[in-house]
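In: here you go, sequence then predicted model.
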Amino acid sequence: MLEKRKKGYLILLAVEALVLVLLLFNCFRRESLVQSMTGEELWGNTVQLERKTEVQGDFLRLSPGVYSIRVQTNLAPGQSMFVELQSQGGFFGALRSNGVIIFPGDDWMEFYVYVLDTLPEAFLRCDFDGVGPEGLAKLQLVRTNRGNCILFILMLALFCGVDFLVEYRRRILAGRVSRQQQVVFWTLLFGVLLAYFPYLTDYFSLGADTLFHLTRVTELANTLKLGTDFPIRIQSGWLYDHGYAVSLFYGDLFLFFPAALMLIGFPLMTAYKLFILAVIGATAAIAYHSFYRCVRDRYAALFGSMLYLLTPYHIFNLYGRSAVGECLAMVFLPLVCCGMYLLYTEDTETAGYKRHKWYLVLGMSAILQSHLISTEMTAIFMAVICVIFWKKTFRRETFLQLFEATVITILINMWFWLPMLFMLRADVYHLQWITSEAVQDRGLLFAALWQLLPNKGSAQTGMMNCEPIQLGVGTVMMLIIYFLWQFRFKKGDKICSFLAAMSLITLVMSTRYLPWDKLMEVPLIGSLVSSLQFPSRWMVLASVLAAMFATVFYRRVVESGGQLVKATVCVAAVLGLGSAVYHVGSIVYESSPIFLYAAENMGTNSVGSGEYLLEEAPLFALDMYYHKPVAEEGLEWSGYEQRGTRVSLLVDNKAKEARFLELPLMGYQGYTVKSDAPENAEQPKIADQVGTHGDLRIRIPGGFRGQIRVSYEGFGIFHIAEAVSLVSVAVLLFGWIRKKGKSGKRKNERNKK
């Protein structure tokens, strides 16, 4: 029987490999031109509607695949054009596409449409607003190989899932997976699907910051495609190609996953939804591992991780706020809690004690790359722990592990935090003004913490727009049960009591009842308070601390609690699960469906609060637009080319005095200008003052004529920080490989003996 199973498994692997190889070859097929026309050729089927003109191309028969629409225009100010692919036949939903508006200055546009079934009568349609056929230089429809790439990735994922289930079943039959482990696996999988329920559709909904983060993903993908900058500091496509330094201040590390999916060919909507699925899955897995590592009880860890995963604040961050940074921070916070728990509760002589610091290194590094405000709060929390348990903090081994974890985290992340701090001093941003605003009234009311059935947020009492910012009925009930249990049975536990107290303290800190505005006037503390913007952010820490408390208390109940207490804990679990079901159902029911296939129709000025805009730039970018360089009188330019943050053009200053040239680039410090003029001649240079909308200004010397090249190079300290991080990672990897090699060698020697 075992031989037959092994043979069948090998046949399955062979079939999967053959299918993947065939699909992989298709990924390298050349593009094929389906239709190409100029404005004059397209002008045959015309419908005149006052100022607008609708033009329709010839009917096409399109087979399933991903197609690219490429548009080259010549639009003057006040003119625009709308382009889309439509179909009069085929099955419902066979064509997945959005039209795109093209504005003056955006002379070249490419976007994708997705055909899921044969379209017998598809056609390109253009709306001309204030312009005739001369406004369209070329319109092309091209069949790409992106559909083959998407199919390859989907089949690879499907085969990996099938292989995992086959191997998992084999391990179960072999007795290598216990019943507890099976319960944990299927329950966590159910929890992940429940938390992901609002996105188990062919559409999605917009939260408060969704467009901002979608633009981050899109422009990260576009910047990677250009291949002009790495590490990426400025995403060049924002603000009508002026660029936005979001990557300099907001870590993009984990956004490379959805950006890579976009580069492969997935629509932005699908890439973002898959990213959220990965975030939810990682939250469940890491929380369970961290809690289990602390208590060594599978059901206790499962209980705590499910409460954490389905916390209303977590669900609200995913869908209501679309707070990608906080959601990512919540993925890794359990690692930090686990590391601190083990360092302070285990004996320093325990085998493997020195490995606990890696929980802190991995957790803090990931949080730093995800969300700066969460990093600040976590660092404050760790400092409080160190002070409260100062005797254990200054134990030799504990102190060394904390010190090593801090140094390693600082070194491997220097490439990110050092340029960020440097640029905060180099320029003045709207960030400084936004963080100076009052935060007192942005905290929670206590009434918001006691909602039993959280919904999408439109009918609750809480912060600002009545959002469901709370721990959840299950977690709150566990806190109540603990205090009653402690009062009745006098079985208080120091760890439980501490975690319960910290949960309540952080919960109170999320409210408006603390004197936040007064604290803003205190040196140092004031800057930390103002950077929070919303006191409710403390719910991030409250959520993980409360879940960890529930984990530890569950184990105590199993060990010594009476039947009544156990039954009450079961009721808390049921209520928490029911609350989550109601919450995600409310989100699905109340949210408006959005179908987003072409990222280009979002625009590029969704800068959120505009924290990272220069002080001179308009906060909401309402009067920014695509434009070419703007020169002062007497200065002429030609041959302008822009590729990301790199620009080249010919300039001719006919005046004797210096003239200024404004480029459509946000004038952040770190740009350099080079020319082909002799070294002994006066060179163009970056002006001290920025121009209109914060544009970069170049000072061109009198009589200068030649080519200039402008690019963002950053500063030397950036490259030093990058080198330090690379060397640090290399040293750590070398040490780990060397240690593994020695361990394997000793193991082989023991086996020979």
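Out: Arrived safely, thanks for sending.
In: C-alpha only now, for contacts and for neighbours.
Out: OK.
In: who does residue 641 form a beta bridge with?
Out: Using DSSP bridges, the beta-bridge partners of residue 641 come out as residue 648.
In: now do the contacts for it.
Out: Contact partners of residue 641, counting by CA atoms under 8 Å, 6 or more residues apart in numbering, are 647-649.
In: give me the domain ranges for the protein.
Out: Under the assignment automatic domain parsing, the domains of the chain span 1-29+155-177, 32-144, 178-207+267-590, 630-712, 717-753.
In: near the residue nearest to residue 208 when sequence neighbours are not counted, how many other residues are there?
Out: Excluding the flanking residues, the one nearest residue 208 by CA to CA, 6 or more residues apart in numbering is residue 321, at 4.7 Å. Residues lying near residue 321 (other CA atoms under 10 Å) number 18.
In: that older thread, in a markdown table, list the contacts of residue 641 along with neighbour count, pLDDT and distance to residue 228.
Out: Below are these laid out as a markdown table (neighbours: other CA atoms under 10 Å; pLDDT from 0 to 100; distance: CA to CA, whole Å):
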| residue | neighbour count | pLDDT | distance to residue 228 |
| --- | --- | --- | --- |
| 647 | 18 | 93 | 11 |
| 648 | 19 | 94 | 14 |
| 649 | 17 | 93 | 17 |
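In: sorry, back to before: could you dump the domains of the chain to TSV with distance to residue 232?
Out: Listed next are the domains of the chain as TSV, based on distance: least, CA to CA, whole Å:
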stretch	distance to residue 232
domain 1-29+155-177	28
domain 32-144	23
domain 178-207+267-590	10
domain 630-712	10
domain 717-753	12
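In: looking at those domains, which is nearest to residue 243?
Out: Each of the domains of the chain has some distance to residue 243 by CA to CA; the shortest is domain 630-712, at 5.9 Å.
In: ok, which stretches of the stretch 551-700 of the chain are helices?
Out: With DSSP state H, counting those that start in this stretch as the definition, the stretch 551-700 of the chain shows helices at residue ranges 563-590.
In: low-scoring stretches of it, by residue?
Out: In the predicted model of the stretch 551-700 of the chain, residues 561-562, 620-623 satisfy pLDDT under 70.
In: got it, and the stretch 51-200 of the chain?
Out: For the stretch 51-200 of the chain, the stretches with pLDDT under 70 are 51-52.
In: would you state the strands of it in chain order?
Out: 52-56, 60-62, 65-73, 80-87, 95-96, 100-102, 108-115, 119-129, 136-143 (DSSP state E, counting those that start in this stretch).
In: closest to residue 32 out of the ones you listed?
Out: Residue 32 lies closest, by CA to CA, to one member of the strands of the stretch 51-200 of the chain: strand 136-143, at 5.3 Å.
In: what's in contact with that closest one?
Out: With CA under 8 Å, 6+ apart, strand 136-143 has contacts from 31-39, 65-75.
In: residue 351: neighbour count?
Out: Residue 351: 9 neighbours (other CA under 10 Å).
In: distance check, it against residue 240.
Out: Applying CA to CA, to the nearest Å, the value for residue 351 to residue 240 is 57 Å.
In: let's have the strands of the stretch 51-200 of the chain in TSV, adding mean neighbour count and distance to residue 332.
Out: Below are these laid out as TSV (neighbours: other CA atoms under 10 Å; distance: least, CA to CA, whole Å):
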stretch	mean neighbour count	distance to residue 332
strand 52-56	19	52
strand 60-62	16	46
strand 65-73	21	36
strand 80-87	20	42
strand 95-96	20	36
strand 100-102	20	38
strand 108-115	19	35
strand 119-129	20	46
strand 136-143	20	41
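In: possible to save those as JSON lines with distance to residue 189?
Out: Listed next are the strands of the stretch 51-200 of the chain as JSON lines, based on distance: least, CA to CA, whole Å:
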{"stretch": "strand 52-56", "distance to residue 189": "49"}
{"stretch": "strand 60-62", "distance to residue 189": "39"}
{"stretch": "strand 65-73", "distance to residue 189": "32"}
{"stretch": "strand 80-87", "distance to residue 189": "39"}
{"stretch": "strand 95-96", "distance to residue 189": "30"}
{"stretch": "strand 100-102", "distance to residue 189": "39"}
{"stretch": "strand 108-115", "distance to residue 189": "30"}
{"stretch": "strand 119-129", "distance to residue 189": "38"}
{"stretch": "strand 136-143", "distance to residue 189": "38"}
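In: so which of those strands is nearest residue 196?
Out: The closest of those to residue 196 is strand 95-96. By CA to CA, the value is 22.6 Å.
In: and the closest one, which strands flank it?
Out: Using DSSP bridges, strand 95-96 pairs in its sheet with strand 108-115 (antiparallel).
In: hey, what's the angle from the strand it pairs with to strand 65-73? Just curious.
Out: Computed by axes from the mean of the first three to the mean of the last three CA atoms, to 10 degrees, the angle separating strand 108-115 from strand 65-73 equals 160 degrees.
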